[in-house]
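Engineer: no sequence on hand, only this structure:
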């Protein structure tokens, strides 16, 4: 394997569910020599889908990493590949993979083009500034269209897609692709597509290829001044010039090369691997990784992608294993040897790296040392979780953490026996460590353990994991929606006074706040921290409250908002401004001012028109024309709002926004009303104010079930 960083590619495969990501990954493993036989998703033999749940359901649930070699122009490259899930319930797996990858291959269905989850994945990649190639898969499918799918990349994603391949034949006639850069045709033959024959462009395709090549050259020339001059002068750029301009523009995220093929029929994968090497960045072509000094959060630091720099790495995944937790890390700088002591600057704890593994799905190869630019799993890490930094104790750096989505659905879970009860809390702690989008807590009032996640499938798989893998018998309640509290108007001059006099020293804290509805956009404009949907601003002047007590007031406000103020659900989208207050020389303390902040918030929310917010889901239904009326009528009955209906003969794509509370069991219901011919995808969109009548119902049900306010 090459030690040269320019010969490493860290990339992921991501897309909408059923676009063929795992099949693409399996072909990559076969052609790079990592596997001697091809695994198939539909047979439950895919290497990258090694969990029992994945093999039974035929879907990817957790991201799987592997390392494989690829030779290009007589040079050997090291490919670190991560196959990610497409189902929206496991979006956290895509999120944490994209955080540490240098590039990605976005896979699209050749008949459907860009689908709902494709847009979500694309936005996630935008957030982490990940350069992408586009691979239009399933060109062998009946109804597949390169022109249509390419068009959706431009219209739905707003991406500057540049076609660099065109399919030879469609549906059953699909047998290869034309490389538009070299104007050569590649035919894939043999039982496994291992025989690739390079030939001239078929006679009947020459006019079509000339048109598409003209489009490609024009779009590449727009990205490079030198090529634009040549183009305007009527001189055609050389193959090397086109590749060089396309590479630099792709790495700068100004364009996305578009390739095509059919993974299941073994067409186009070798050329896709060539494109990964040609157009996606090596670690050294990415900007230096940014962080802060853990001792002084205001001081910005950076680390070059260099094995000789101080060590820094990011934990992006933790997997519980019978031989010790596997902690997946991306090494950004420096070297790591077995037995090294590391620092987690986030919690100040020292960690010991006892083993290093190069991963191949669930298999592993032992390493003595690993350098910058690599993705590996280590053993021995005890106190670090997803998003934590590991670094050289003598030269600490704290890297930027990840964005974790908030759970939108919850249900109660109850152990059947005392033995199960003892094991449950440990098991839930293990799952929380593995999955940052999962939450669990014990409700003292009801004696229930509540688990929360991203969707019904997410919670169902966690329940199966507890029962099947961890051998804990549990009863589960019905799924419940995770609501939020918000306010509707601004209130000012609300006082929080905490005054307690006992025999000795008393307690005194006094603060005055204003409270208003607030959004993340406003926080960005005002440059205010909005990390937990709560903004706090200190406008106290003249020292009426000593500086050391201000953080206590903020903590009291944030802590109270998180646990719920009026209805027992977390309070979000608020800005609290501290305007005035007073203190006592002897009796004032941090605890007293924390309580004052709490009392001020409770009073302010009461006056600010508290309401409940409910999660709204973006739902896309693919339905045959015959059943369109049934489906739209049903959506309306679920308080849904139809946003768009798109004609994709012979089906319609209905995009709508529906409250999550109305969507439980929707998949089964949809099958029934369409004789099994309609399908749907669903993803979280936003929290929106609930109608007053619904809010009243929820609160009455809550109080009736618990004998009082939550």
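Structural biologist: Sure thing, it's come through. All of these numbers come straight from a predicted model, not from anything done at the bench.
Engineer: next up, phi/psi of residue 154, please.
Structural biologist: Here the main-chain torsion angles of residue 154 (degrees, to the nearest 10) amount to phi -80, psi -50.
Engineer: how about it: what's its closest non-neighbour residue?
Structural biologist: Distances taken as C-beta to C-beta, 6 or more residues apart in numbering place residue 161 nearest to residue 154, at 5.7 Å, with adjacent residues excluded. For glycine as for every other residue, the C-beta is placed from the backbone atoms N, C-alpha and C.
Engineer: packing partners for the helix or strand residue 147 falls within?
Structural biologist: Residue 147 belongs to helix 146-155 when assigned by DSSP states H and E. In terms of contact count using 3 or more C-beta pairs under 8 Å, 6 or more residues apart in numbering; DSSP states H and E, helix 146-155 is assigned the packing partners strand 103-109, strand 132-137, strand 161-163, strand 256-260.
Engineer: okay, the angle between the first one and helix 146-155?
Structural biologist: The one in question is strand 103-109. Angle between the axes of strand 103-109 and helix 146-155 is 130 degrees (criterion: axes from the mean of the first three to the mean of the last three C-alpha atoms, to 10 degrees).
Engineer: helices or strands up against strand 103-109?
Structural biologist: Under the contact definition 3+ C-beta pairs under 8 Å, 6+ apart, strand 103-109 sits against strand 8-15, helix 21-31, helix 116-127, strand 132-137, helix 146-155, helix 269-279.
Engineer: run the chain-centre distance for the helix holding residue 147.
Structural biologist: The gap between the average C-alpha position of helix 146-155 and the chain average comes to 24 Å, counting by C-alpha atoms, centre = their mean, to the nearest Å.
Engineer: ok, stretch 416-427 next?
Structural biologist: Relative to its parent chain, stretch 416-427 has a centroid offset of 31 Å by C-alpha atoms, centre = their mean.
Engineer: so for it, mean pLDDT?
Structural biologist: With pLDDT averaged residue by residue, stretch 416-427 scores 86.
Engineer: quick one, longest strand in the protein?
Structural biologist: The residue-count maximum for a strand in the chain (DSSP state E) belongs to strand 610-624.
Engineer: for the helix or strand residue 440 falls within, what is the average pLDDT?
Structural biologist: Element membership for residue 440 (DSSP H and E) is strand 439-443. This predicted structure assigns strand 439-443 an average pLDDT of 80.
Engineer: quick one: strands adjacent to it?
Structural biologist: strand 448-453 (antiparallel) (DSSP bridges).
Engineer: which is the next helix or strand following the partner strand?
Structural biologist: Helices and strands here follow DSSP H and E; after strand 448-453, the next one along the chain is helix 456-464.
Engineer: which strands and helices sit next to that following helix?
Structural biologist: Helix 456-464 sits against strand 409-415, strand 448-453, strand 474-476, with contacts defined as 3+ C-beta pairs under 8 Å, 6+ apart.
Engineer: out of the ones you listed, which is closest to residue 648?
Structural biologist: Counting by C-beta to C-beta, residue 648 lies closest to strand 409-415 out of those; the figure is 29.8 Å.
Engineer: now that closest one: how far from the chain's centre is it?
Structural biologist: Strand 409-415 has its average C-alpha position 24 Å from the chain's average C-alpha position, going by C-alpha atoms, centre = their mean.
Engineer: ok, now stretch 237-253?
Structural biologist: On the basis of C-alpha atoms, centre = their mean, stretch 237-253 is displaced by 29 Å from the centre of the chain it belongs to.
Engineer: what of stretch 109-121?
Structural biologist: In terms of C-alpha atoms, centre = their mean, the centre of stretch 109-121 is set 16 Å apart from its chain centre.
Engineer: repeat that for stretch 300-319.
Structural biologist: On the basis of C-alpha atoms, centre = their mean, stretch 300-319 sits 20 Å off its chain's mean C-alpha point.
Engineer: residue 499 reaches residue 506, doesn't it?
Structural biologist: Yes - here residue 499 reaches residue 506: they are 7.3 Å apart, a contact under C-beta atoms under 8 Å.
Engineer: from residue 16, how far off is residue 642?
Structural biologist: When distances are taken as C-beta to C-beta, to the nearest Å, residue 642 and residue 16 turn out to be 21 Å apart.
Engineer: which one of the two is surrounded by more residues?
Structural biologist: Between residue 642 and residue 16, counted using other C-beta atoms under 10 Å, residue 16 has the larger neighbour count: 26 against 16.
Engineer: and that one, what does it touch?
Structural biologist: 86, 108-109, 112, 114-118, 121, 681 (C-beta atoms under 8 Å, 6 or more residues apart in numbering).
Engineer: out of the residues you listed, who's the most crowded?
Structural biologist: Sorting those by how many neighbours each has (other C-beta under 10 Å) puts residue 121 first, at 29 neighbours.
Engineer: what's the mean pLDDT across the longest strand of the chain?
Structural biologist: Per-residue confidence for strand 610-624 averages out to 91 on the pLDDT scale.
Engineer: skipping its backbone neighbours, what lies nearest the spatially most central residue of the chain in space?
Structural biologist: Using C-alpha atoms, centre = their mean, the residue of the chain that lies closest to the mean C-alpha position is residue 95, 2.2 Å off. Closest residue to residue 95 apart from its sequence neighbours, by C-beta to C-beta, 6+ apart: residue 124 at 5.7 Å.
Engineer: can you read off the pLDDT for the one you found?
Structural biologist: According to the per-residue confidence, residue 124 scores 81 in pLDDT.
Engineer: need the pLDDT of residue 682.
Structural biologist: With respect to pLDDT, residue 682 scores 79.
Engineer: next, the angle strand 610-624 makes with whichever helix or strand it is part of.
Structural biologist: Residue 682 is located in strand 679-689, with elements delineated by DSSP H and E. Between the axes of strand 679-689 and strand 610-624, defined by the same axes, to 10 degrees, the angle is 160 degrees.
Engineer: packing partners for the helix or strand that comes right after strand 679-689?
Structural biologist: Tracing the chain past strand 679-689, the next element assigned as helix or strand by DSSP H and E is helix 692-706. Using 3+ C-beta pairs under 8 Å, 6+ apart, the elements in contact with helix 692-706 are strand 610-624.
Engineer: the strand it packs on pairs with which strands, parallel or anti?
Structural biologist: Next to strand 610-624 in the sheet, as set by DSSP bridges, lie strand 484-487 (antiparallel), strand 651-659 (antiparallel), strand 679-689 (antiparallel).
Engineer: strands along the stretch 151-300 of the chain, start to end?
Structural biologist: Taking DSSP state E, counting those that start in this stretch, the strands of the stretch 151-300 of the chain run over residues 161-163, 165-168, 176-179, 184-189, 195-199, 256-260, 289-293, 296-303.
Engineer: lowest average pLDDT across these?
Structural biologist: Per-segment mean pLDDT for these reaches its minimum on strand 296-303, at a mean of 87.
Engineer: which strands or helices does that strand pack on?
Structural biologist: strand 289-293.
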